[in-house]
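Colleague: all I have is the shape, not the residue letters:
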């Protein structure tokens, strides 16, 4: 969260059999993760392709205030 990434910088790797995803947003966008967690755990439940992870909310800009 809050990390700046420079063009061309390696951010990670993907290996066969894994399920990773990357979400990159502009500064004016907030992502609210609202996926359900496993009962009694800090782990999130497995989601299938197309299921909701969270929602995007546009941040107020000085121009909007």
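Modeller: Good, I have the coordinates. Fair warning: this is a prediction, and the values are worked out from it, not measured in the lab.
Colleague: what residues does the least confident helix or strand in the chain by mean pLDDT touch?
Modeller: Across the helices and strands of the chain, the lowest-confidence element by mean pLDDT, DSSP states H and E is strand 29-33, at a mean of 85. Residues from elsewhere that reach strand 29-33 (CB atoms under 8 Å, 6 or more residues apart in numbering): 23, 25, 53, 54, 55, 56, 57, 58, 59. Every C-beta, even on glycine, is put in place using the N, C-alpha and C of the backbone.
Colleague: what about 10 Å?
Modeller: Applying CB atoms under 10 Å, 6 or more residues apart in numbering, the contact partners of strand 29-33 are 1, 23, 25, 44, 53, 54, 55, 56, 57, 58, 59.
Colleague: how close does the third one get to residue 38?
Modeller: As defined by CB to CB, to the nearest Å, residue 25 lies at a distance of 26 Å from residue 38.
Colleague: how many neighbours does residue 29 have?
Modeller: By the criterion of other CB atoms under 10 Å, residue 29 has 12 neighbours.
Colleague: and for residue 44?
Modeller: Neighbour count for residue 44, taken as other CB under 10 Å: 12.
Colleague: dump the residue contacts of residue 58.
Modeller: By CB under 10 Å, 6+ apart, the residues touching residue 58 are 26, 28, 29, 30, 64.
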